[in-house]
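A.B. asks: what follows is a predicted protein model with its sequence.
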Amino acid sequence: MDTAVESALRLQIIAWLHERADRNGGFLHRHELLSYRTGDRDLPLIDFSRGIRNPAGFASTLAIVQSAHGPYDDIEDPDDGLLHYAYRSGDPFGGDNRKLRAAIETGAPLILFRKETPNYDTPIAPVYVVDDVPEENAFLIALDESFRYMGDVRSLSEPQRAYALRLAKQRLHQPAFRTRVLLAYETRCAVCTLRHGSLLDAAHIAPDSSARGIPTTPNGLALCKIHHAAFDQNMLGISPDYVVHIDRDLMEEVDGPMGSVR
């Protein structure tokens with residue numbers, strides 16, 4: 001495939017993924033990814049059985065999958081914010097690994113799919129292969145193209161490391177948290193049952209700025225954007241027995257939330 005054609009196709013796919021994921025609530029079902037078409041061509045965006053997608057004709061890898069329960073030791077380094085993506089099985093210099101290595105040279109943007117629950121993936125794109133670490137049998141994956149120009153990414157400066165960790169929180173942790181929470185609530189607001197994924201957020205019960213504010217499903221509520229804003233401003237709360245409580249001053253406002261039933 002011509003380089004310019006491949007580059008344009010990658011950007012087209014990434015734009016489609018963002019649009020589709022936003023509509024769903026931040027994630028896509030496996031069927032959507034396997035049934036992608038461009039023109040009159042079927043072009044699955046994930047492999048049927050492997051955690052990497054190398055379409056025929058592509059010079060470098062299109063997509064990789066990170067799963068907490070997968071067979072490979074793919075880890076996000078808590079010190080540098082980069083994903084250490086393990087070599088695929090077989091020849092370390094051939095097959096899938098060859099096309100991952102080619103992505104370092106071409107600078108081609110990849111798609112990272114985070115498999116949060118069975119059959120559902122959170123797309124993170126674009127990401128970039130920025131280094132090959134043979135002693136770890138792993139590639140380093142960055143969440144921003146700027147890391148391609150930072151020199152030795154294995155020895156990031158403190159500001160660079162802080163930037164990488166902030167990106168990991170924004171582009172990995174928060175979208176993954178949203179996917180898990182929205183799926184747990186069957187993509188509907190816990191208060192008003194609105195079912196439009198694009199209008200739903202994952203709210204932290206304990207704020208993420210606190211020690212207890214970890215991005216796990218038990219610490220999350222699926223809320224529409226209005227109820228999320230009210231929750232964050234302490235105008236709305238939910239007790240452990242699932243009763244919704246509204247701030248008294250708000251309830252007493254003229255033409256406030258109870259105005260329609262007075």
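C.D. replies: Thanks, I have the structure now. Just so you know, these numbers come straight off a predicted model, no measurement behind them. Residues are numbered from 1 along each chain as shown.

A.B. asks: next up, the contacts around Leu165.
C.D. replies: Taking CB atoms under 8 Å, 6 or more residues apart in numbering as the criterion, Leu165 is in contact with 80-81. Every residue, glycine included, has its C-beta placed from N, CA and C.

A.B. asks: wait, a strand at it?
C.D. replies: No - in this structure, Leu165 is helix, not part of a strand, as judged by DSSP: H, G, I helix; E, B strand; the rest coil.

A.B. asks: pLDDT wise, what is Ser67 at?
C.D. replies: Per-residue pLDDT puts Ser67 at 77.

A.B. asks: how many neighbouring residues does it have?
C.D. replies: Under the neighbour criterion other CB atoms under 10 Å, Ser67 is assigned a count of 15.

A.B. asks: what about it, distance to Pro215?
C.D. replies: If you measure Ser67 against Pro215 using CB to CB, to the nearest Å, the figure is 17 Å.

A.B. asks: leaving out sequence neighbours, find the closest residue to Pro123.
C.D. replies: Computed as CB to CB, 6 or more residues apart in numbering, the closest residue to Pro123 that is not its neighbour in sequence is Leu17, at 4.5 Å.

A.B. asks: could you do Met235 as well?
C.D. replies: Spatial nearest neighbour of Met235, chain neighbours left out: Asp247 (4.5 Å); criterion: CB to CB, 6+ apart.

A.B. asks: quick one: residues contacting the one you found.
C.D. replies: Taking CB under 8 Å, 6+ apart, we find Asp247 in contact with 234-236.

A.B. asks: quote the end-to-end distance of stretch 21-34.
C.D. replies: Using CA to CA, to the nearest Å, one end of stretch 21-34 lies 15 Å from the other.

A.B. asks: and that stretch, how far from the chain's centre?
C.D. replies: The gap between where stretch 21-34 is centred and where its chain is centred comes out at 11 Å by CA atoms, centre = their mean, to the nearest Å.

A.B. asks: next one: stretch 174-189
C.D. replies: Stretch 174-189 has its average C-alpha position 12 Å from the chain's average C-alpha position, going by CA atoms, centre = their mean.

A.B. asks: which helix or strand in the chain has the lowest average pLDDT?
C.D. replies: Across the helices and strands of the chain, the lowest-confidence element by mean pLDDT, DSSP states H and E is strand 75-76, at a mean of 60.

A.B. asks: quick check: can you name the pairing partners of whatever helix or strand comes next after it and their directions?
C.D. replies: Elements were assigned by DSSP states H and E; along the chain past strand 75-76, the next helix or strand is strand 83-86. Strand 83-86 has the following sheet partners, assigned by DSSP bridges: strand 75-76 (antiparallel), strand 138-142 (antiparallel).

A.B. asks: quick one: the helices in this structure?
C.D. replies: When secondary structure is read from DSSP state H, the chain shows helices at 3-24, 30-34, 95-106, 158-168, 174-184, 225-232, 248-251.

A.B. asks: weakest of the ones you listed in terms of mean pLDDT?
C.D. replies: Out of the helices of the chain, helix 248-251 stands lowest, with a mean of 78 (criterion: mean pLDDT).

A.B. asks: give the buried residues for that helix.
C.D. replies: Neighbour counts over helix 248-251 (16 or more other CB atoms under 10 Å) mark no residue as buried.

A.B. asks: name the helices or strands packed onto that helix?
C.D. replies: When contacts are defined as 3 or more CB pairs under 8 Å, 6 or more residues apart in numbering; DSSP states H and E, helix 248-251 packs onto no helix or strand at all.

A.B. asks: was I right to think Arg171 contacts Ile141?
C.D. replies: No - under the criterion of CB atoms under 8 Å, Arg171 makes no contact with Ile141, lying 11.6 Å away.

A.B. asks: okay, these two: which has more neighbours?
C.D. replies: A direct count of neighbours by other CB under 10 Å for Arg171 and Ile141 places Ile141 higher, at 24 against 17.

A.B. asks: which residue, neighbours along the chain excluded, lies closest to the more buried one?
C.D. replies: Residue nearest to Ile141 in three dimensions, not counting chain neighbours: Leu83, with 4.0 Å by CB to CB, 6+ apart.
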